[in-house]
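*Asks:* give me a 3D structure for the following:
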Amino acid sequence: MTTSEERSGSRITTTVADLVRARADDDNVGLLYGDRSWTWREVVSEAAQRADWLIAALDPARPPHVGVLLPNVPEYVFQMFGAALAGTCVVGLNTTRRGAELARDIDHTACQFVLTDATYAGLVGDALRVEEAPWESHRGATPPAAAPLPDTLLCLLLTSGSTSAPKAARCSQRRMASVAAAGFGFGPGDTLYCPMPLSHGNALSAALFPAVASGARLLLRDRFSATAWLDDVRTHDVTFTNTVGRALGYVLATEPTPHDRDHRLKVVLAPEASPRDMAAFKKRFGVGVLSGYGSSEGGIALMPSRKPGSLGSAPAGADIAVVDASGVECARAEFDSAGRLCNAEQAIGELVRRDTGGSFEGYWNNAEADSERLRDGYFWSGDLAYRDADDVFWFAGRVGDWLRVDSENFSAAPVERIVERYEAAAAVAVVGVPDPVAGDQVLAVLELQPGRAFAPADFAEFLAAQPDLGTKWAPRFVRLAAIPVLGNGKVNKKPLRRDAWLCPEPVWWKPPGATAYTLMTDADRDAVRAQFADHDRMGAFPSEAH
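*Replies:* Numbers count the residues shown, from 1 in each chain. Sure, this is the predicted structure:
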């Protein structure tokens, strides 16, 4: 057999195929799903069967890309590891996409066919769909003799598409193997719980690949369930789990039980969780929560920090910085005695990596996006951030999350972190909406806790009591609505900006000159529209601007 180390010359590089092969004689339990289990030896056998089928089924004259439109089921794992052995590429398709948008994802990524099940079969054309199990005729196959090269494409990760059509980030075997090696010190005694979709980088880098690298058990749930979460953790002696976006809040919304601390869970990885949810989770379940940061493109990864709500710190040797639009490094963040960020305009910029080192492998068939992401030797993340005196980075929103209110520039994320303290709110999203005269106004979307009602005077008192709320940061508009999320659980701000106050949900606002929040009426909306027209700003009015 030819190993990837031999085929890559003198440079020793591990591939995911190598990690899979290393489990071929491991009789420890490797995969759990429902009431079934597979040893790692059995997982590798299933993967070898898929690899043999893939090599025979794919047209060698076309890119060896296979779409997978499945929830978190064992077949997803077998196909991913089979692709690793075969040197082919899995395209993780988002199960929440439909119609022309899903068809566009499949076409853009050059999928030769799409593996799916009865639930999603109707979403894929007959000519592309593979529902049955043609790999059954390949049972008993052994891993291919030739090992793929480290640079072989293993998967394409589709971005969220919150601001444009999804892009497909290229992920090589080398990159995914290096991600697996940088885990949390897992071993065969650990159980890694994976309720987040395997079509996204969070689940792959935090659970799937670390499990095969370490020999830990991988517990799959077909989709995230807050009500089943604790039972799963306790029943299977889970020691680690990953979440993203609002998942932590959903777990906290379940009724407390006497068993909340009766488990083996050691740590939870929860990027984008609010500081309030992180603190509440530790208090209720007795488990620390780490945030951390990793871009789907692989350009930047930060080490989790113990500072609640932070993105984390740069790994040793990585040149990661916050820079302005011209690439000049921003000043360190300064805070007053109340914790208020004093120099937002000087400290907030785009998070970049200045020693790209090949970590960004580009997008599939999208040179324009490559050029936008990789400029002047820097990897530009598209995320706003600031760095404190301890070299810890903090999220300040997406590049489009800058607001300019009364000539003051600031970003949405610090405002969100403050408004999230409001005890009646289950979740918060802050966006900038156009002002009739110039610049922006602040709109806060509040998703209320079950059984709670919005009390405008109480909310105003809450804001007035926040010592770190900037003088221009208080929301002009408060929209009461369920906050939309993408398939990966991240908040989708695009429709919030698009609709602004032109929505069916209740909107409370402060009319010009008012000090109290009042319920916005249709007459108010008409008056605001007239203000835009009077100032020749109809091009910025929400319905006209989007």
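*Asks:* can I assume Asp324 is in contact with Ala347?
*Replies:* No: here Asp324 lies out of contact with Ala347, judged by CB atoms under 8 Å, at a distance of 10.3 Å. C-beta: built from backbone N, CA, C; applies to glycine.
*Asks:* quick one, which of those two is more surrounded?
*Replies:* With neighbours defined as other CB atoms under 10 Å, Asp324 and Ala347 compare such that Ala347 has more, 21 against 14.
*Asks:* OK, contacts around the more buried one?
*Replies:* Going by CB atoms under 8 Å, 6 or more residues apart in numbering, Ala347 touches Val322, Cys330, Ala331, Arg332, Ala333, Glu334, Leu341, Tyr386, Arg387.
*Asks:* before we move on, back to that, anything in contact with each of Asp324 and Ala347?
*Replies:* Cys330.
*Asks:* before we move on, back to that, out of the contacts of Ala347, which is most surrounded?
*Replies:* Counting neighbours by other CB under 10 Å, Tyr386 leads the contacts of Ala347 with 27 neighbours.
*Asks:* quick check: it touching Leu341?
*Replies:* Yes: between Tyr386 and Leu341 there is a contact at 7.2 Å, judged by CB under 8 Å.
*Asks:* secondary structure class for the residue nearest to Met196 when sequence neighbours are not counted?
*Replies:* Ranked by CB to CB, 6 or more residues apart in numbering and with sequence neighbours excluded, the top spatial neighbour of Met196 is Ala203, at 4.3 Å. The three-state assignment at Ala203 reads helix, by DSSP: H, G, I helix; E, B strand; the rest coil.
*Asks:* what is in contact with Tyr386 and Leu341 at once?
*Replies:* Both Tyr386 and Leu341 are in contact with Ala333, Ala347, where contact means CB under 8 Å, 6+ apart.
*Asks:* by contact count, what packs against the helix or strand containing Ala56?
*Replies:* Under the criterion of DSSP states H and E, Ala56 resides in helix 40-57. Judged by 3 or more CB pairs under 8 Å, 6 or more residues apart in numbering; DSSP states H and E, the packing partners of helix 40-57 are helix 16-21, strand 29-33, helix 74-86.
*Asks:* between those, which one is closest to Gly312.
*Replies:* Proximity to Gly312 (CB to CB) singles out helix 16-21 among the helices and strands packed on helix 40-57, at 24.7 Å.
*Asks:* contact partners of the closest one?
*Replies:* 3-5, 44, 47, 81, 84-85, 87, 143, 147-148, 154, 173, 176-177, 180, 209, 212-213.
*Asks:* and those, which are buried?
*Replies:* Buried subset of these (neighbour count, 16 or more other CB atoms under 10 Å): 4-5, 44, 47, 81, 84-85, 87, 143, 147-148, 154, 173, 176-177, 180, 209, 212-213.
*Asks:* circling back to that earlier point, now, among the contacts of Ala347, which is nearest to Val437?
*Replies:* Using CB to CB, the contacts of Ala347 come closest to Val437 at Leu341, 26.0 Å.
*Asks:* mean pLDDT and distance to Asp468 for the helices and strands packed on helix 40-57 - can I get that in CSV?
*Replies:* Shown next, in CSV, are the helices and strands packed on helix 40-57 (pLDDT from 0 to 100; distance: least, CB to CB, whole Å):
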stretch, mean pLDDT, distance to Asp468
helix 16-21, 97, 45
strand 29-33, 98, 44
helix 74-86, 98, 44
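*Asks:* per-domain residue ranges of this protein.
*Replies:* Here the domain parsing of the chain from automatic domain parsing is 4-28+40-172, 314-399, 406-545.
*Asks:* how far does the second one stretch from one end to the other?
*Replies:* To tie it back to what came earlier, the one meant is domain 314-399. Distance across domain 314-399, first residue to last, is 20 Å (CA to CA, to the nearest Å).
*Asks:* avg pLDDT for that domain?
*Replies:* In this model, domain 314-399 has an average pLDDT of 89.
*Asks:* secondary structure element for Leu351?
*Replies:* Assigned by DSSP H and E, Leu351 belongs to strand 349-353.
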